[in-house]
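# task: produce atomic coordinates for the following.
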Amino acid sequence: MSKENDDISNADLSLRKILSQNIRIFRKNLHLTQERLAENADISLPYLSDIEHCKTWVSDKTLLSQLPFIEDVQA
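Here you go, the predicted model:
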C-alpha cells in the first residue's frame, strides 16, 4: 500500500470516528435511546450500534431520512 493510500485510509477513519461520535452525542442530547432512533431511521439496532461504535459507515440515505424526525424532536 502506498503512502497516499495510507493517508486516504487514515483520513477516512478519522471522518468515520467524528461522524460516529457526533451521531451518538446528538442522539443522547435529544434523550433518544438507540432503539427509538433505529426504529425511526428504519434501520436495525445492531446497525445503529455499529455506526455509533465506528464499525461501519452510515449511508447518506439514512442520514437524510432522519432530518424530518430530528426537526420534530427538537421542536
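
# switch to C-alpha atoms for all contacts and neighbour counts from now on
Fine.

# which of the residues in the longest helix seen in the chain are buried?
Ranked by number of residues, the top helix in the chain under DSSP state H is helix 3-29. By 16 or more other Cα atoms under 10 Å, the buried positions in helix 3-29 come out as 16-17, 19-21, 23-24, 27.

# of these, closest to residue 62?
residue 23 (11.9 Å; Cα to Cα).

# tell me the contacts of residue 17?
Residue 17 makes contact with residue 54, according to Cα atoms under 8 Å, 6 or more residues apart in numbering.

# could you check how far it is from residue 68?
As judged by Cα to Cα, to the nearest Å, residue 17 and residue 68 stand 24 Å apart.

# same check, this time on residue 10
Distance from residue 10 to residue 68, counting by Cα to Cα: 32 Å.

# go on, residue 37?
Separation of residue 37 from residue 68 (Cα to Cα) stands at 12 Å.

# ditto for residue 30
According to Cα to Cα, residue 30 and residue 68 sit 14 Å apart.

# which helix or strand contains residue 37?
According to DSSP states H and E, residue 37 maps onto helix 34-41.

# what comes into contact with the helix or strand that that helix is followed by?
Using DSSP H and E, the next helix or strand after helix 34-41 towards the C-terminus is helix 45-52. By Cα under 8 Å, 6+ apart, the residues outside helix 45-52 that reach it are 20-21, 23-24, 34-35, 38-39, 56-58.

# mean confidence score for helix 45-52?
Mean per-residue pLDDT for helix 45-52: 94.

# looking at this protein, which helix or strand does the model trust least?
Across the helices and strands of the chain, mean confidence by mean pLDDT, DSSP states H and E is lowest for helix 67-74: a mean of 68.

# restricting to C-alpha, output stretch 25-45 in CSV.
Provided in CSV are the C-alpha atoms of stretch 25-45 (Å, rounded to 0.1, in the frame of the first residue of the first chain):
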residue,chain,number,x,y,z
ILE,A,25,-23.7,12.7,21.1
PHE,A,26,-26.6,14.1,19.1
ARG,A,27,-28.8,11.2,20.0
LYS,A,28,-28.1,11.5,23.6
ASN,A,29,-28.6,15.2,23.6
LEU,A,30,-32.1,14.5,22.2
HIS,A,31,-32.7,12.0,25.0
LEU,A,32,-33.3,9.2,22.5
THR,A,33,-32.5,5.6,23.0
GLN,A,34,-30.7,3.6,20.3
GLU,A,35,-33.9,1.6,20.0
ARG,A,36,-36.0,4.7,19.2
LEU,A,37,-33.6,6.2,16.8
ALA,A,38,-33.1,2.9,15.0
GLU,A,39,-36.9,2.4,14.7
ASN,A,40,-37.4,5.9,13.4
ALA,A,41,-34.4,5.6,11.0
ASP,A,42,-35.8,2.3,9.8
ILE,A,43,-32.5,0.6,10.5
SER,A,44,-31.7,-2.3,12.8
LEU,A,45,-30.4,-1.7,16.3
